[in-house]
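1. Fold the following and give me the result.
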Amino acid sequence: RFILQSVARKFLPKSRTDKCLRLRQKSKEIQVWQSIEHKTTSFTGLQTCGSVWACPVCSAKIAERRRAEIVAAMAAHKAAGGCMNLLTLTAPHQRTDNLSDLLKKQSLALKKMFADRTVRKVFEEMGVLGQIRALEVTHGRLSEFNNGWHPHYHLLLFCGSGVDLARFDAPQMTDWSVRLYLRWAACCVGAGLGEPSFAHGLKLDDGSKAAQYVAKWGLEDEMTKGHTKKAINGETPFDFLRSYLADSTDKQAGALFKEFAETFKGKRQLHWSKGLKKRFAIGDMTDDELAAQQDDYARLLGVITLEQWWDVLAVDGSANVLLIAANGGWDAVILYFE
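-> Down below sits the predicted model:
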């Protein structure tokens, strides 16, 4: 993560990510803490950028905490007799498409869909009481048929409220899928995106099938780690960093990562529908707050002087400090400094 962060800094100079976990927070001490439960180590006293899109270090921390929020909401909903469904929406895209333009058109298509009477009727039949929406994007530059940026939505639907769960059989799921696809296709056309194919435009899965689809990631990870995992088809934005790390002549990887980071800056990774967090007593912390949050169950291992820290930065040794502290304790860290 720290190595990929150093690659990201090359493409985002003078950004918050460029300073992340390098500069002190005002005059605070630079400390290393270890989680009592997980044995992992982390820094305090350093500035964090809180970018879930551009920073591999902050992103991992934020995504894990967002994942925990989703797991808690899912568990509470299932305990109350509800069920989960995963709705994936994809629109047509071409190699020449600009990412920012694509996102604007997709956002318009989604807005039209949520306002559509047929869609509302289907959601009513499914007993949808709310949803969590995640935006994911990959790029097809390495595929045989390069169709450029591929932004798509995952919607985690909290279903089964006030309806018989026995209704969620295969024929009924197919019926809902077809009706939703027809409206999504019409909304895409209305937003200037063109008509998505029936095979790829919309997919409606139940919780178990969705979990199988995302394999080891699990349903909640599909919602929070879309841009960090390694894509099966195409490349994720963090794959661009891996590509550049492997081959520094891959200028396209850097240009595409920069376009992604600048386009997604300030956007929310997850959008919970109104009232859903309150329903499941989920706190409303920002990405910045999550990135800076310290483990409650942690112990202080040691303090790093400013002179020692400059030495660490000179050799890109931040990750080494944490690894050595986790595996050898503070005495091993002192040996590393020496």
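2. pLDDT wise, what is G140 at?
-> At G140, the predicted lDDT confidence score is 92.
3. what stretches of the stretch 151-300 of the chain score poorly on pLDDT?
-> Applying pLDDT under 70 to the stretch 151-300 of the chain picks out residues 208-233.
4. hey, where'd the strands end up in it?
-> For the stretch 151-300 of the chain, applying DSSP state E, counting those that start in this stretch gives strands covering 202-206, 270-272, 298-304.
5. strand partners of the second one, parallel vs antiparallel please.
-> Note on strand 270-272: by DSSP bridges, its sheet partners are strand 130-139 (antiparallel).
6. Indicate which one of the strands of the stretch 151-300 of the chain is closest to A292.
-> Between A292 and the strands of the stretch 151-300 of the chain, the shortest separation by CB to CB is 13.9 Å, and it involves strand 298-304. Bear in mind the C-beta positions are built from the backbone N, C-alpha and C, glycine included.
7. which outside residues touch whichever helix or strand comes after the closest one?
-> Scanning forward in sequence from strand 298-304 by DSSP states H and E, the next helix or strand is helix 306-314. If you take CB atoms under 8 Å, 6 or more residues apart in numbering as the criterion, helix 306-314 is touched by R22, R24, I30, I304, G317, S318, N320, V321, F337.
8. Name the member of the residues you listed with the most neighbours.
-> Highest neighbour count within the contacts of helix 306-314: V321, with 23 neighbours (other CB atoms under 10 Å).
9. Could I get the buried residue list for the helix or strand where that residue lies?
-> For V321, the enclosing helix or strand under DSSP H and E is helix 318-337. For helix 318-337, burial by neighbour count (16 or more other CB atoms under 10 Å) applies to S318, A319, V321, L322, L323, I324, A325, A326, V333, Y336.
10. by contact count, what packs against that helix?
-> Under the contact criterion of 3 or more CB pairs under 8 Å, 6 or more residues apart in numbering; DSSP states H and E, helix 318-337 touches helix 2-11, strand 30-35, strand 41-44, strand 298-304, helix 306-314.
11. the inter-axis angle of that helix versus strand 30-35?
-> Interaxial angle of helix 318-337 relative to strand 30-35 (axes from the mean of the first three to the mean of the last three CA atoms, to 10 degrees): 110 degrees.
12. for the record, mean pLDDT for helix 318-337?
-> In this model, helix 318-337 has a mean pLDDT of 97.
13. any idea which of the buried residues of helix 318-337 is the one closest to H139?
-> Closest approach between the buried residues of helix 318-337 and H139, by CB to CB: A319, at 27.0 Å.
14. tell me the pLDDT at the closest residue to that closest one other than its chain neighbours?
-> Nearest non-adjacent residue to A319, counting by CB to CB, 6 or more residues apart in numbering: F2, 3.8 Å away. Looking at F2, its pLDDT is 93.
15. What of the one 5 residues further on?
-> At V7, the predicted lDDT confidence score is 95.
16. Show the contacting residues for it.
-> Taking CB under 8 Å, 6+ apart, we find V7 in contact with L241, Y244, L245.
17. Separate out the buried members of those residues.
-> Using 16+ other CB under 10 Å as the burial test, the contacts of V7 include L241, Y244 as buried.
18. of the contacts of V7, closest to Q172?
-> For the contacts of V7, the nearest to Q172 is L241 (43.1 Å; CB to CB).
19. ok, that closest one touching F257?
-> Yes: applying CB atoms under 8 Å, one finds L241 in contact with F257, separated by 6.2 Å.
20. which residues do the two both contact?
-> Here L241 and F257 have A8 as joint contacts, going by CB under 8 Å, 6+ apart.
21. can you count the residues close to E307?
-> Counted with other CB under 10 Å, the neighbours of E307 add up to 9.
22. Could you do G283 as well?
-> G283 sits with 8 neighbouring residues when counted by other CB under 10 Å.
23. Roughly how far does it sit from Y181?
-> Distance, G283 to Y181, using CB to CB, to the nearest Å: 36 Å.
24. Thank you, goodbye.
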